[in-house]
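Colleague: Turn this into a model:
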Amino acid sequence: MSTTQLLIKQLQKGDQKALARCITVVENELDGYEEILTTLKFNQAIPVVGVTGPPGAGKSTLINALIKKLTDENKSVGVIAIDPTSPFNFGSLLGDRLRMAEHFNNEKVFIRSLATRGSLGGLSAKIIEIVDVMRASSFDYIIVETVGVGQSEVEVVGLADTTVLVLVPESGDDVQAIKSGIMEIADIFVVNKSDRDGANTFIKNIIQLVHSKYATAWNIPVIKSIATKGEGVEELIEAINKHKTIGVNTKRSYLLAEKAYRLLQNNKMKGISKSDLKGQIEEALKTKDFNLYTFVKSLK
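Modeller: Next up is the predicted model:
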């Protein structure tokens with residue numbers, strides 16, 4: 001039995017060390033990553049909950065409260081926290097070590113940070129593969145926390161079975177401005193820090209916005225929350241469980257088509273090194289009339 005086959009066997013038994021190793025192999029495309037992805041049996045019944053929203057809305061605090069409530073109910077939870085990568089030094093502060101430290105010794109919780117590595121849309125470039133690897137393990141819930149970059153975080157709707165949009169009362173005056181983008185992807189709205197001034201008015205505006213949409217089989221709930229006190233968490237779990245029963249994610253095929261396109265693109269570009277490209281561009285920039293498009297055309 002090969003090392004990869006042994007790793008897969010351990011993963012499917014629920015071994016978290018094997019899961020962590022599989023994620024590392026897949027994320028970095030190390031030897032055996034294709035065998036892992038083509039061999040694993042993914043449990044599509046495990047609900048994937050995407051938690052998105054603007055910076056400072058309290059996504060991490062809400063997830064902390066969710067984890068506590070779910071584990072108190074003897075549920076196991078896998079968490080993927082996405083952090084932005086610097087385009088200059090390619091580093092990333094993998095903040096789950098700070099935000100969710102209280103759950104690190106809980107055997108029912110697995111938390112993994114991922115860097116975006118230049119990917120837009122609030123997610124990591126390898127997020128679909130890694131969620132599938134986690135679906136091959138034995139979790140009751142998988143939670144994905146996006147970067148928190150604002151309206152561009154729409155990719156999560158294609159990945160998650162249920163998308164939770166976390167907002168705060170201070171957004172109240174901007175409802176008209178943020179109706180597009182992330183406002184359109186929510187299956188559940190959570191107004192966090194709802195003990196602040198203007199919360200009730202903001203909630204009424206959100207409810208009005210939700211009711212103005214086309215009628216669907218799912219009546220989008222708007223939940224008041226104070227994550228630091230655990231308030232609203234039980235209602236959120238009830239809404240997630242209820243949403244899970246209504247059917248499949250109709251937008252998932254769009255994200256998978258985009259992913260398939262990128263996989264085909266990456267396969268054709270395997271021999272091209274970004275660091276080599278950077279070196280060639282640095283040399284080419286020394287010429288007075290450097291043209292990026294001419295440079296790229298010369299590489300074909």
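Colleague: Can you show me the helices along this structure?
Modeller: Secondary structure of the chain (DSSP state H): helices at 3-12, 16-27, 33-39, 59-72, 96-99, 127-135, 156-159, 199-211, 233-244, 252-268, 274-284, 292-299.
Colleague: Pull the contacting residues for F189.
Modeller: Taking Cβ atoms under 8 Å, 6 or more residues apart in numbering, we find F189 in contact with 164-165, 167, 206, 210, 220-223. Placement of C-beta: from N, CA and C, glycine included.
Colleague: Least confident of the residues you listed?
Modeller: The lowest pLDDT within these belongs to V210, with 79.
Colleague: re earlier: can you redo the contacts of F189 as CSV with neighbour count?
Modeller: Converted to CSV, those look like this (neighbours: other Cβ atoms under 10 Å):
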residue, neighbour count
V164, 27
L165, 27
L167, 27
I206, 21
V210, 15
I220, 18
P221, 18
V222, 21
I223, 21
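Colleague: Lowest mean pLDDT across the helices of the chain, which one is that?
Modeller: helix 96-99 (a mean of 52).
Colleague: any idea how this structure splits into domains?
Modeller: With domains defined by automatic domain parsing, the chain comprises 1-41, 42-255, 270-300.
Colleague: Please work out which of those domains is packed deepest.
Modeller: Among the domains of the chain, the stretch with the highest mean neighbour count (mean count of other Cβ atoms under 10 Å) is domain 42-255, at a mean of 18.
Colleague: Out of the helices of the chain, which gets nearest to D83?
Modeller: For D83, the closest of the helices of the chain is helix 96-99, at 8.0 Å, according to Cβ to Cβ.
Colleague: so how far is G50 from L19?
Modeller: Going from L19 to G50 by Cβ to Cβ, to the nearest Å gives 20 Å.
Colleague: Then L70?
Modeller: Going from L70 to G50 by Cβ to Cβ gives 16 Å.
Colleague: Ramachandran angles for D161?
Modeller: Taking degrees, to the nearest 10, you get phi -70, psi -30 for the backbone angles of D161.
Colleague: quick one: K69 and G232 touch, right?
Modeller: No: K69 is beyond contact range of G232, at 10.5 Å (criterion: Cβ atoms under 8 Å).
Colleague: sorry, back to before: could I get the helices of the chain as JSON lines with distance to D187?
Modeller: Shown next, in JSON lines, are those (distance: least, Cβ to Cβ, whole Å):
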{"stretch": "helix 3-12", "distance to D187": "29"}
{"stretch": "helix 16-27", "distance to D187": "26"}
{"stretch": "helix 33-39", "distance to D187": "27"}
{"stretch": "helix 59-72", "distance to D187": "15"}
{"stretch": "helix 96-99", "distance to D187": "23"}
{"stretch": "helix 127-135", "distance to D187": "17"}
{"stretch": "helix 156-159", "distance to D187": "8"}
{"stretch": "helix 199-211", "distance to D187": "11"}
{"stretch": "helix 233-244", "distance to D187": "5"}
{"stretch": "helix 252-268", "distance to D187": "13"}
{"stretch": "helix 274-284", "distance to D187": "37"}
{"stretch": "helix 292-299", "distance to D187": "41"}
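Colleague: Quick one: closest of those helices to G78.
Modeller: helix 127-135 (4.7 Å).
Colleague: tell me the angle of that closest one relative to helix 3-12?
Modeller: 70 degrees (axes from the mean of the first three to the mean of the last three Cα atoms, to 10 degrees).
Colleague: where does helix 127-135 sit relative to the chain's centre, distance-wise?
Modeller: Distance of helix 127-135 from its chain centroid, counting by Cα atoms, centre = their mean, to the nearest Å, is 10 Å.
Colleague: Restricting to C-alpha, output it in PDB.
Modeller: The C-alpha coordinates for helix 127-135 follow below in PDB (Å, rounded to 0.1, in the frame of the first residue of the first chain):
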ATOM      1  CA  ILE A 127     -11.200  25.800  -1.700                       C
ATOM      2  CA  ILE A 128     -13.400  23.500  -3.700                       C
ATOM      3  CA  GLU A 129     -10.900  20.700  -3.500                       C
ATOM      4  CA  ILE A 130     -10.300  21.200   0.200                       C
ATOM      5  CA  VAL A 131     -14.000  21.200   1.000                       C
ATOM      6  CA  ASP A 132     -14.300  18.000  -0.900                       C
ATOM      7  CA  VAL A 133     -11.400  16.500   1.100                       C
ATOM      8  CA  MET A 134     -13.200  17.500   4.300                       C
ATOM      9  CA  ARG A 135     -16.400  16.000   3.000                       C
END
